[in-house]
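Predicted model and sequence follow; I will ask about them next.
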Amino acid sequence: MPTATCEASTSCATPQAESVSLVGDFNQWNPTAHPMERMADGGWFLVAELRHGHHRYAFLVDGHLTTDPRAMGATRDDQGRRVSLVAVS
Amino acid sequence: MGQEVLSRLHDLPEICIELGQDICVGEIEADHNNPKQLIDTHGTFALLYNWFPNEGREIRQYTERPRSEFFAIRHAFLGEMLHRRWYAYEQTVVVLLRAVQTGKRITRFSVGNISDLEEGRESFASAVQQVERTERVLKSVWRELHAEQADWAERYRRLETQSEQVRRAALILLENLLS
């Protein structure tokens, strides 16, 4: 059965970072699945296709799990780490 | 007015189910000078830090609005709460305290903004009532949790003295800000 998906864009303002990726439930917290792209202003940007519903996520900034200060919500992942929450509809 | 909030309330139980959470607190966005936010900052959290400092710190990692009227709670956790004493007010604070103490899975979700209508603004008198109510609940919960311990009465007296100072300081600030 097909799953409804939606394109979601996200950005991370860490111009001093060497690498940033998006990790979350949707990619099994895989650090290489969703690398973000550096923008001209030094921030990082990504458009990802996510299924409708609620997703836990975080940014992996130079290997460090970082919550999103502009997130719609806050929670913990299965390891008890603080992560962010987004609703995709 | 409030339509954005109503349209997002369905997210709270959905988050509990989809992400296996025990409680999802809906947080209304408000600036630091919003009266409810001022009461929580100077009253609720200050009192929490006196009676339950560890739990207060943990709760604040999730939400700035521990008295939110909006939350979804998993049936099993609700049953657990109903087996305990059910307080007449400030249920969200009591539920969050219990959630932190028993390692429940907590989520905070932003449900948007409600415009601050002039007639709905908190008066200083209302703030006094809310702060005193919160203090009464926290004292009761603390006594319930510690009354079996040998030195509880002495510790209670000390915390109560501090609590009075915290409440008075909170009410001075709130009078300056809300009157």
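Thanks, I have the structure now.

C-alpha from now on. contacts and neighbour counts both.
OK.

Enumerate the residues of chain A near chain B.
By C-alpha under 8 Å from any C-alpha of the partner chain, the residues of chain A that approach chain B are A:53-55, A:72-76, A:85, A:87.

Which of these fall in strands?
When those are checked against strands (DSSP state E), the matches are A:53-55, A:73-76, A:85, A:87.

coming back round to it: between all of the residues of chain A next to chain B, which two are separated the most?
Greatest spacing in the residues of chain A next to chain B, by C-alpha to C-alpha: A:53 and A:76 (17.0 Å).

related to what we said a few turns ago, switch the residues of chain A next to chain B over to JSON lines; also include distance to residue B:84 and neighbour count.
JSON lines is the format used below for these (distance: C-alpha to C-alpha, whole Å; neighbours: other C-alpha atoms under 10 Å in any protein chain shown):
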{"residue": "A:53", "distance to residue B:84": "33", "neighbour count": "17"}
{"residue": "A:54", "distance to residue B:84": "31", "neighbour count": "21"}
{"residue": "A:55", "distance to residue B:84": "33", "neighbour count": "19"}
{"residue": "A:72", "distance to residue B:84": "32", "neighbour count": "16"}
{"residue": "A:73", "distance to residue B:84": "29", "neighbour count": "26"}
{"residue": "A:74", "distance to residue B:84": "27", "neighbour count": "26"}
{"residue": "A:75", "distance to residue B:84": "26", "neighbour count": "23"}
{"residue": "A:76", "distance to residue B:84": "26", "neighbour count": "18"}
{"residue": "A:85", "distance to residue B:84": "31", "neighbour count": "25"}
{"residue": "A:87", "distance to residue B:84": "33", "neighbour count": "19"}
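
could I get the ones in strands among the residues of chain A next to chain B as CSV with pLDDT and distance to residue B:66?
Below are these laid out as CSV (pLDDT from 0 to 100; distance: C-alpha to C-alpha, whole Å):
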residue, pLDDT, distance to residue B:66
A:53, 93, 25
A:54, 95, 22
A:55, 95, 23
A:73, 95, 14
A:74, 95, 14
A:75, 96, 15
A:76, 95, 17
A:85, 95, 18
A:87, 93, 22
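
Dump those into CSV; add distance to residue B:62 as well.
Output for these, formatted as CSV (distance: C-alpha to C-alpha, whole Å):
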residue, distance to residue B:62
A:53, 20
A:54, 17
A:55, 16
A:73, 8
A:74, 6
A:75, 7
A:76, 9
A:85, 11
A:87, 17
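
In chain B, what residue spans correspond to helices?
Along chain B, counting by DSSP state H, helices occupy B:3-8, B:11-18, B:35-39, B:45-51, B:53-62, B:75-82, B:91-101, B:124-146, B:152-178.

State the helix or strand in which residue A:65 lies.
strand A:64-66 (DSSP states H and E).
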